[in-house]
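[1] A predicted structure for the sequence below; I have some questions about it.
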Amino acid sequence: MRRKLIAGNWKMNGSLAANADLLASIKAGLPGSACDVAVCAPAIYLAQAKAELSGTAIAWGGQDVSVHESGAYTGEISAAMLRDVGCRYAIVGHSERRSYHNESDEVVALKASRALASELTPIICVGELLAEREAGKTDEVVARQINAILNVLDEESLKSIVVAYEPVWAIGTGKTATPQMAQDVHALLRQRLAAKSAVAAEKVRILYGGSMKPDNAKELLSMPDIDGGLIGGASLKASDFLAIINAA
Ligand code: PEP
């Protein structure tokens with residue numbers, strides 16, 4: 001039985017004051033330990049997350065990680081630095097990075113490897129564009145994206161990843177994949193993982209992301225291969241984020 005994970009992706013939102021309020025409300029309203037919970041904050045606020053969340057049941061993570069280990073890469077944040085401020089997770093390959101920063105499948109796979117080498121759990125995002133879904137290419141696209149990961153990770157590393165299926169057309173749009181649409185892709189992803197390692201396929205949590213909200217979370221999270229959510233907009237409002245945690 002996979003323990004569900006609800007991870008917030010704050011994107012480029014927040015301030016010291018707003019984060020303090022948000023985290024205080026989440027901490028105060030957090031139910032018992034029915035699922036894992038994390039917030040992925042902008043890098044500049046990860047030290048604040050550490051200060052506010054150490055000793056609680058809420059983990060924190062970065063939203064990206066450098067492909068480089070260290071050195072002259074101005075503006076980059078390494079996996080070791082994320083680990084240094086206590087991160088447990090690092091999102092890699094979010095569609096906003098793939099599209100605005102031209103991150104290829106190979107770059108995303110390298111980022112996942114870097115995260116794992118620093119004992120971070122990469123939350124590896126995959127998902128198709130609207131045009132790709134409409135052209136019937138969803139399976140092809142997500143298979144290509146997950147295969148790039150399978151090509152570089154050994155079986156042992158594979159057991160430690162989290163995958164997030166995020167149909168790009170559902171992110172921040174209010175449009176959600178139906179539970180069955182999401183389940184179909186999650187099952188395909190698990191099948192791909194199983195082709196490399198049956199043990200990893202059973203173990204790896206596959207999150208759904210894309211306008212998950214309190215009113216659709218329960219249905220999505222009840223599907224057999226949906227092991228949690230990567231939550232954008234709704235993670236910025238404590239009551240919504242807590243409602244999704246409760247649904248899990
Ligand atoms: C995301 O950006 O990972 C995401 C799922 O965003 P939203 O929940 O706002 O669609």
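    Done, it's in. Note that the coordinates shown come from a computational prediction; the quantities given were computed from them, not determined experimentally.

[2] now do the strands in the chain.
    Counting by DSSP state E, the chain has strands at residues 5-9, 36-40, 58-62, 89-92, 121-126, 162-165, 205-209, 228-231.

[3] so for the ligand, which of those sits nearest?
    Among these, the nearest to the ligand by CB to the nearest ligand atom is strand 205-209 (3.4 Å). Quick note: C-beta positions are derived from backbone N, CA and C, even for glycine.

[4] can the closest one be said to contact the ligand?
    Yes: contact of strand 205-209 with the ligand (CB under 6 Å from any ligand atom) involves residue 209.

[5] how many other residues sit next to residue 3?
    12 (other CB atoms under 10 Å).

[6] next up, the contacts around the residue lying closest to it once chain neighbours are set aside.
    Distances taken as CB to CB, 6 or more residues apart in numbering put residue 36 closest to residue 3, at 5.8 Å, once the chain neighbours are dropped. By CB atoms under 8 Å, 6 or more residues apart in numbering, residue 36 lies in contact with 3-6, 59, 228.

[7] quick one: which of those is most hemmed in?
    residue 228 (29 neighbours).

[8] so it touches residue 212, yeah?
    No: look at residue 228 against residue 212 with CB atoms under 8 Å: they stay out of range, at 9.6 Å.

[9] so who does the residue in the chain positioned nearest to the ligand touch?
    Nearest residue of the chain to the ligand (CB to the nearest ligand atom) works out as residue 232 at 2.1 Å. Taking CB under 8 Å, 6+ apart, we find residue 232 in contact with 8-9, 11, 171-172, 209, 211.

[10] please repeat the previous calculation with a cut-off of 10 Å.
    8-11, 13, 40, 94, 96, 166, 171-172, 209-212 (CB atoms under 10 Å, 6 or more residues apart in numbering).

[11] next one: phi and psi at it?
    Main-chain torsions, residue 232, degrees, to the nearest 10: phi -90, psi -100.

[12] shared neighbours of residue 228 and residue 212, anything?
    6, 220-221, 244.

[13] and which of those residues is nearest residue 85?
    residue 6 (21.2 Å; CB to CB).

[14] list the contacts of that closest one.
    Contacts of residue 6 by CB under 10 Å, 6+ apart are 34-39, 207, 212, 217, 221, 228-231, 235, 241-242, 244-248.

[15] likewise for residue 124?
    Taking CB under 10 Å, 6+ apart, one finds 90-94, 108-109, 111-112, 115, 145-146, 148-149, 153, 161-164, 204, 206-207 in contact with residue 124.

[16] residue boundaries of the helices in the protein?
    Assigned by DSSP state H, the helices in the chain fall at 16-29, 46-53, 79-84, 95-100, 105-117, 130-134, 138-152, 155-158, 179-196, 198-203, 214-221, 238-247.

[17] using TSV, lay out these together with mean pLDDT and mean neighbour count.
    Output for the helices of the chain, formatted as TSV (pLDDT from 0 to 100; neighbours: other CB atoms under 10 Å):
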stretch	mean pLDDT	mean neighbour count
helix 16-29	97	15
helix 46-53	98	18
helix 79-84	98	20
helix 95-100	96	17
helix 105-117	98	21
helix 130-134	94	14
helix 138-152	98	18
helix 155-158	96	15
helix 179-196	97	18
helix 198-203	97	15
helix 214-221	97	18
helix 238-247	97	20
